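S.K.: Here is a sequence with its predicted model. Questions after.
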Amino acid sequence: MATNTILQSLNDSTEAAGVTSSNRRQSETFIASSAIAAGAVVSLDLSKSDNGDKALFVREAKSDDANAACPIGVAVNDADAAETVEIIIRGVVEEAKVKGDVTNVAVGDALVATGVLGKLHAIPVDEGGSATFNLQAPVAIALEATSSDGTSRVFVVCNF
């Protein structure tokens, strides 16, 4: 079910506003194709033969899996296969799964899906000689630095 995007108010934190206030966060409900953990970055399930199902079913994203390489957001709750799962498609997520132990994540870094199921990582750029960088669209922007493999606060950018 689609959520409304009409701005309701401009309350700030002094007025007890949170991450869901003033329509700063948007979520959509999907059906899990396989088990999904809360905080995991998810992709549309491109293995589905019907195009409508490709936009209805999700699985944990993995950059080297063609059927899980269309990331759209971060899961709010755990879900088993065939269960509904709420996905944040825009806004702040307090505990997204981030892999910062290979490439340190700094505040403001663009984060993409990794080759590790359901995790985000920073986009490394090597300007020494020929530039090498990942051309994937960012799923989120880091709101805090991390150098560990765990969870971190991110802002999901709308890709859906």
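M.R.: That came through, no problem.

S.K.: For the protein, just list every one of the strands.
M.R.: 26-32, 41-44, 57-60, 71-75, 84-99, 110-113, 120-122, 140-142, 149-156 (DSSP state E).

S.K.: export those strands to TSV and tack on distance to Asn51, mean neighbour count and mean pLDDT?
M.R.: In this view, the C-beta of every residue, glycine as well, is placed from N, C-alpha and C. Compiled in TSV, these are given as follows (distance: least, C-beta to C-beta, whole Å; neighbours: other C-beta atoms under 10 Å; pLDDT from 0 to 100):
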stretch	distance to Asn51	mean neighbour count	mean pLDDT
strand 26-32	15	19	95
strand 41-44	10	28	97
strand 57-60	11	25	98
strand 71-75	15	27	97
strand 84-99	19	21	96
strand 110-113	21	24	93
strand 120-122	27	26	92
strand 140-142	26	22	96
strand 149-156	24	20	95
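
S.K.: need these in TSV with distance to Gly128, can you?
M.R.: Below are those laid out as TSV (distance: least, C-beta to C-beta, whole Å):
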stretch	distance to Gly128
strand 26-32	39
strand 41-44	29
strand 57-60	33
strand 71-75	28
strand 84-99	23
strand 110-113	20
strand 120-122	17
strand 140-142	23
strand 149-156	26
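
S.K.: out of these, which comes closest to Asp50?
M.R.: Within the strands of the chain, the stretch nearest Asp50 is strand 57-60; the backing value is 9.6 Å (C-beta to C-beta).
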